[in-house]
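J.: sequence below, structure please.
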Amino acid sequence: MGTPARVVVLPQEQAPLRVEEITLPDPGPDQVLVKLFSSGVCHSQLHQIHQPRKTPVVLGHEATGVVLKAGERVSHVKEGETALVTWVPRNSAKAAGPPAAATLEVSGGVAQSQNVYTWADHTLADQQYVVKADPHIQKDVTCVIGCAVITGAGAVIHTAKVQPGESVAIFGVGGVGLSAVAAAKKAGAGKIIAVDLDDKKLEFAKSFGATHCINASNVDPVKAIHELTRHEGEYTFVGTPVSGVDYAFDCIGIQKTMEQILPACRRGHFGARDGGSAVLVGVPTTKLEINAMDVLLNEKKFIGSFGGSCTPEVDFPRFLKWHEQGDLDLNALVTARYTIDQINEAVNALENGEISGRAILVFDD
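T.: Now for the predicted structure:
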């Protein structure tokens, strides 16, 4: 017997999102049916919305819910258990086969997803993307752990492995960037420099742990970062003083910021230590050019961080603990809430830069 569901559908043609009432089938052997309490509204979905497509699309990739049914080969979650849904395989080392995409019968054809869909009050997902959670967690704000938190915080603690006293700059302090700021504070970073174009967002970043703020619409952020991070008595191969952050994170993905994070990094101290690392976190929307001589002479690195290099089965409990202990304030991170019928309003607000932290959809009980 199927399960009624309300699902947001992106039509094949360029048109507003619509909410459809469909019936989900019972789970297959490796699937889990989850009733959702909440879902994040992620900036990366804007890329999907604006891309041409051959079929309708179902969207969303972070959510909190309760398991209604599980397939016969699913053993890590059971009916009635709280779970988080994410786009990252819960444990890639144990994943059986390639990532599985979801498909749905909707008006206009068969809708595709990249792997999961959470802009819906119920979802049918491959077991790879469903992670068991403590039943006592908050049922609303915890949904953003499935993307915003793992992407930003994971980039700091896993990809970069920031150590106590090291300096970081974070370009773009939306939901992902704020998670990176909080993780940098948790890691014991010295200077935590937030870079954005909005003074309100920068001020907000201070509450998550930013020690310095730079409005890139007023000053050259690279120059400002170097002025804040001089290393007295250290010199490069060509005799210039060493300055710059140990790690610069781009949580946006546009050409300008992608090309700013490498020069913002610390120059190498010749014969003593390597230069800093630029970490690409945001989904890139364009090509970029980097200064190869800067990489060579200053022994810098430009690296990517996909999903924060996280393993959800291990990292979700960690980030939930951070929230419980006050090290990651998810209640503050979530700054806007919408119903499923307000999805177009939510997307428009996100696109217009009106969401200072993270927006979520909250579904009826």
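J.: can you map out the helices along this structure?
T.: Taking DSSP state H as the criterion, the chain carries its helices at 44-50, 148-154, 175-186, 199-206, 221-228, 255-264, 292-297, 312-325, 330-333, 343-351.
J.: Gln260 and Asp140, how far apart?
T.: 35 Å (Cβ to Cβ, to the nearest Å). In this view, the C-beta of every residue, glycine as well, is placed from N, C-alpha and C.
J.: same check, this time on Gly28
T.: Computed as Cβ to Cβ, the Gly28 to Asp140 distance reads 29 Å.
J.: quick check: which ranges of the protein have low pLDDT?
T.: 93-100, 271-272, 365 (pLDDT under 70).
J.: could you chop it up by domain?
T.: What automatic domain parsing lists as the domains of the chain is 3-136+329-362, 149-307.
J.: for Val19, find the nearest of the helices of the chain.
T.: Across those, Val19 has its closest neighbour in helix 343-351 (6.9 Å, Cβ to Cβ).
J.: now do that closest one against helix 175-186, angle only.
T.: Here helix 343-351 runs at an angle of 60 degrees relative to helix 175-186 (axes from the mean of the first three to the mean of the last three Cα atoms, to 10 degrees).
J.: distance from the chain centre to helix 343-351, please.
T.: Mean-position distance between helix 343-351 and its chain equals 18 Å (Cα atoms, centre = their mean, to the nearest Å).
J.: packing partners for it?
T.: Applying 3 or more Cβ pairs under 8 Å, 6 or more residues apart in numbering; DSSP states H and E, one finds that helix 343-351 contacts strand 31-41, helix 44-50, strand 334-338, strand 358-362.
J.: looking at Gly28 and Asp140, which is more packed in?
T.: Here Gly28 and Asp140 are set side by side on neighbour count (other Cβ atoms under 10 Å), and the busier one is Asp140, at 19 against 15.
J.: contacts only, for the closest residue to that one other than its chain neighbours.
T.: In this structure, Asp140 finds its nearest non-sequential neighbour in Ser38, 4.6 Å apart by Cβ to Cβ, 6 or more residues apart in numbering. Contacts of Ser38 were listed using Cβ atoms under 8 Å, 6 or more residues apart in numbering, and they are 63-64, 139-143, 360-363.
J.: could you do Thr211 as well?
T.: 190-193.
J.: repeat that with 7 Å
T.: By Cβ atoms under 7 Å, 6 or more residues apart in numbering, Thr211 lies in contact with 191-192.
J.: with Val131 instead?
T.: Val131 touches 83-84, 86, 90, 312-313, 316, counting by Cβ under 7 Å, 6+ apart.
J.: number of nearby residues for Val116?
T.: When neighbours are defined as other Cβ under 10 Å, Val116 has 29 of them.
J.: now it: how far from Gly172?
T.: Val116 is 24 Å from Gly172, by Cβ to Cβ.
J.: same check, this time on Val144
T.: Taking Cβ to Cβ, one finds Val144 at 16 Å from Gly172.
J.: which of those two has more neighbours?
T.: Counting neighbours by other Cβ under 10 Å for Val144 and for Gly172 shows that Val144 has the greater number, 32 against 26.
J.: ramachandran angles for the residue lying farthest from the centre of the chain?
T.: The centre of the chain is farthest from one residue, Gly239, which by Cα atoms, centre = their mean lies 39.2 Å away. Phi and psi for Gly239, reported as degrees, to the nearest 10, are phi 90, psi 10.
J.: repeat for His43
T.: In terms of degrees, to the nearest 10, the main-chain angles of His43 are phi -60, psi -30.
J.: can you pull the contacts of it?
T.: 174, 350.
J.: so what touches stretch 190-203?
T.: Contact with stretch 190-203 is made by 165-173, 181, 184-185, 205, 209-217, 221, 225, 228-229, 245, 356, as judged by Cβ under 7 Å, 6+ apart.
J.: hang on, I meant stretch 5-13
T.: 17-22, 24, 49, 53-59, 104, 106, 108, 111, 117, 119-122, 340, 343.
J.: in that stretch, which residues are buried?
T.: 5-11 (16 or more other Cβ atoms under 10 Å).
J.: out of those residues, who's nearest Ala349?
T.: Nearest member of the buried residues of stretch 5-13 to Ala349, counting by Cβ to Cβ, is Val8, at 15.3 Å.
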